[in-house]
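Trainee: return a 3D structure for these sequence lines:
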Amino acid sequence: MSSENVQTKWGQFISLIIVFFFWGFVGSANDILIPVFKKVFTLSQVQSQLVAWAFYAAYFVGSIIFFLVSLKSDVLQKFGYKKTLSAGLILSAVGSFLFVPAATMQSFPFFLTALFTVGLGFSIQQIVANPLAIKMGSPQTGAHRLTLAGGVNSFGTTIGAILLGIALFGMGDNKKTNLSLEDIKLPFIILGIAFIAVAIFMYFSKIEDPAKIEEAAIENKHAKFNILDYPQLYLGMLAIFIYVGTEVTIISNLPALLHTNEFGKILEDAVAPFIALYWGSLMIGRWNGGANVFNTSNLMNIALKFIVPALGFAVIIGANIFAAHDVSSFYIYPFWILLFIAVSFVGGKNAGKTLMLFGISGLLMMALGLAWPDPEIAKFFFISGGLFLSIMWPSIFDLAIAGLGTNTGKASSFLIMMILGGGVIPLVQGSICDLDAANPNGIFGITYTHFSYIVPLIGFAYLAFYGFYCPKILKKQGVSHVISEGGGH
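Mentor: Residues are numbered from 1 along each chain as shown. Next up is the predicted model:
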């Protein structure tokens, strides 16, 4: 049977995407913890961003360790995908349980250690799950399976913020604004138990290790792998660094922006709906791209481009209403969703063109958020960054590894390392936010916290450049154009 006719192994794939859900759930939990820790431990904004740094730096460290070990022995071939994935889940469970002594000791460094341990487990899971999702069926639909998995990841981020907000602050008439660190223990004990349960489930599941497939014969100019020989790769590594950093920094610093007088002085217990809307925006985009994994007519495919985002937005609204949040201001947001749909039609399935157009769109959204005179509207321009980031992961990934042949595996490890951007770029934006303490008059008539969104604006500019320039590099190398659409880490 040819690779083109291989059907997606849905039973195994559905088992796998549970892991993607966990990544999203914990990722959005960090965005709830940042303002909480900032208040409890009396941190500056840049210090509060160490939460993101600890979590995403773990991806870098974990990938480095995995790469070094793999130089001596192929871990995935030696232990298998299932066992390696289960080991990563157990490590994340250990990190979750470390939240209990961290809360007892009321130690911010201990909390960072716990988050680092969870992230270390996630790095192993990422290295295994991303290629496994791609290989569970036809190569032609591999990127779309990764997109669909990314949609599940974003579903986790969407409801994760809401559920943790309920667990920590309650809901409705029982809602509280003062938080004890003791309240953090139970949610993370439950999370740790869930990690162990999924690890056991994965270990005994019917997920099969992908068969070794002969790499396409590609003549390499150099016998030894050298990153500098592949501009699409080293520029792509920077793109992944900036992409993840931009994705994280927009939302990690949003609670600080909403807490300013300019944006209504929204308190920690009321930020969950906005966090859910941001991560829900990524969910909408990834669900939209993931629909391509199904074999449908062109007419149905066009219809799904409108139906799927509508369903995604309904999930966001429904989850917030369930949590007794006021979402009346959200009903203007479909304007941005329609703009996203329009850009996705123009981009089509061309990875470079799509990345360029969404990069330009994100840049414009950040610029309008900085310049718009009404903060009630400006915040939605910033939040809409999630929509335009949603399609970028596989597009960057596919462009970066195009033409690498037998070096694709090594290149993938280096790309996963660049998730480190999620820990570094929020620190840069956070340091700009802290300038408000010494400069209460701000800059250009806005606070420095507001002005700090110049950081994701610059990030979108580079991503647009990479989408424009990388296809030209590949054309010079004689590599055929890459087709991809949507997805997420």
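Trainee: host element of the closest residue to F322 other than its chain neighbours?
Mentor: What sits nearest to F322 in space, not counting adjacent residues and going by C-beta to C-beta, 6 or more residues apart in numbering, is I162, at 7.7 Å. (Glycine included, C-beta is placed from N, CA and C.) Assigning secondary structure by DSSP states H and E places I162 in helix 142-169.
Trainee: avg pLDDT for that helix?
Mentor: Averaged across helix 142-169, pLDDT comes to 74.
Trainee: helices and strands around that helix, which ones?
Mentor: helix 10-40, helix 108-135, helix 185-203, helix 272-290, helix 298-322, helix 392-401 (3 or more C-beta pairs under 8 Å, 6 or more residues apart in numbering; DSSP states H and E).
Trainee: just for the stretch 251-400 of the chain, where's the confidence low?
Mentor: 290-296, 349 (pLDDT under 70).
Trainee: can you do 50?
Mentor: Along the stretch 251-400 of the chain, no part satisfies pLDDT under 50.
Trainee: count the neighbours of the residue nearest to F322 for me.
Mentor: Look at I162: counted by other C-beta atoms under 10 Å, it has 24 neighbours.
Trainee: and it, what does it touch?
Mentor: Residues near I162 by C-beta atoms under 8 Å, 6 or more residues apart in numbering: 272-273, 276, 319-320, 322-323, 325.
Trainee: got a markdown table for those residues, with distance to S63 and neighbour count too?
Mentor: Formatted as a markdown table, the contacts of I162 follow (distance: C-beta to C-beta, whole Å; neighbours: other C-beta atoms under 10 Å):
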| residue | distance to S63 | neighbour count |
| --- | --- | --- |
| A272 | 31 | 27 |
| P273 | 34 | 24 |
| A276 | 29 | 30 |
| A319 | 32 | 21 |
| N320 | 35 | 24 |
| F322 | 37 | 13 |
| A323 | 35 | 22 |
| H325 | 37 | 22 |
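Trainee: just put the residues you listed in a markdown table and tack on distance to Y469.
Mentor: Output for these, formatted as a markdown table (distance: C-beta to C-beta, whole Å):
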| residue | distance to Y469 |
| --- | --- |
| A272 | 39 |
| P273 | 38 |
| A276 | 35 |
| A319 | 39 |
| N320 | 40 |
| F322 | 45 |
| A323 | 44 |
| H325 | 42 |
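Trainee: closest to V346 among those?
Mentor: A276 (28.3 Å; C-beta to C-beta).
Trainee: what about that closest one, distance to G478?
Mentor: Per C-beta to C-beta, to the nearest Å, A276 is found 46 Å from G478.
Trainee: show me the shaky parts of the stretch 101-250 of the chain.
Mentor: For the stretch 101-250 of the chain, applying pLDDT under 50 flags the ranges 213-222.
Trainee: these two touch, right, F67 and A411?
Mentor: No - applying C-beta atoms under 8 Å, one finds F67 not in contact with A411, separated by 11.0 Å.
Trainee: neighbour count winner among the two?
Mentor: A411 (23 against 18).
Trainee: what about that one, which SS state?
Mentor: What DSSP: H, G, I helix; E, B strand; the rest coil gives for A411 is helix.
Trainee: residue contacts, it?
Mentor: Going by C-beta under 8 Å, 6+ apart, A411 touches 230, 233, 400-401, 404.
Trainee: could you dump those residues into TSV and include distance to N439 and neighbour count?
Mentor: As requested, those are exported to TSV (distance: C-beta to C-beta, whole Å; neighbours: other C-beta under 10 Å):
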residue	distance to N439	neighbour count
Y230	44	23
L233	41	27
A400	39	28
I401	44	22
L404	47	21
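Trainee: to F468, which of the helices and strands packed on helix 142-169 lies closest?
Mentor: Per C-beta to C-beta, nearest to F468 of the helices and strands packed on helix 142-169: helix 392-401, 11.0 Å.
Trainee: and which of the contacts of I162 is nearest E247?
Mentor: Nearest to E247 among the contacts of I162: A276, at 15.3 Å, using C-beta to C-beta.
Trainee: relative to F169, how far out is that closest one?
Mentor: With C-beta to C-beta as the criterion, A276 and F169 are 14 Å apart.
Trainee: and if you look at S44?
Mentor: 23 Å.
Trainee: between the two, who's got more neighbours?
Mentor: Set S44 next to F169 and count neighbours by other C-beta under 10 Å: F169 wins out with 22 against 13.
Trainee: that one touches P273, doesn't it?
Mentor: No - between F169 and P273 there is no contact under C-beta under 8 Å: 12.0 Å.
Trainee: tell me how far the residue nearest to L132 when sequence neighbours are not counted lies from S412.
Mentor: Spatial nearest neighbour of L132, excluding adjacent residues (C-beta to C-beta, 6+ apart): Y81 at 5.4 Å. In this structure, Y81 and S412 are 14 Å apart, going by C-beta to C-beta.
Trainee: and the next helix or strand past the helix or strand containing G245?
Mentor: Per DSSP H and E, G245 falls inside helix 231-252. Going down the chain from helix 231-252, the next helix or strand is helix 254-259, by DSSP H and E.
Trainee: how far off centre is that next one?
Mentor: How far helix 254-259 lies from its chain's middle: 20 Å, per C-alpha atoms, centre = their mean, to the nearest Å.
Trainee: quick check: which helices or strands does it pack against?
Mentor: Using 3+ C-beta pairs under 8 Å, 6+ apart, helix 254-259 sits against helix 10-40, helix 272-290, helix 375-383, helix 448-451.
Trainee: can you report how many residues neighbour the closest residue to F108 other than its chain neighbours?
Mentor: In space, and not counting its chain neighbours, F108 is closest to F41: 4.8 Å by C-beta to C-beta, 6+ apart. Residue crowding around F41 was assessed by other C-beta under 10 Å; the count is 14.
Trainee: wait, F188 sits on V100?
Mentor: Yes - counting by C-beta under 8 Å, F188 does reach V100; the two are 7.1 Å apart.
Trainee: look at the two and report which has more neighbours.
Mentor: More neighbours surround F188 than the other of F188 and V100, with 23 against 17 (other C-beta under 10 Å).
Trainee: how deep is the nearest residue to that one once chain neighbours are set aside tucked in, by neighbour count?
Mentor: Spatial nearest neighbour of F188, excluding adjacent residues (C-beta to C-beta, 6+ apart): F99 at 3.8 Å. Around F99 there are 26 other residues, counting by other C-beta under 10 Å.
Trainee: one more: I443?
Mentor: I443: 14 neighbours (other C-beta under 10 Å).
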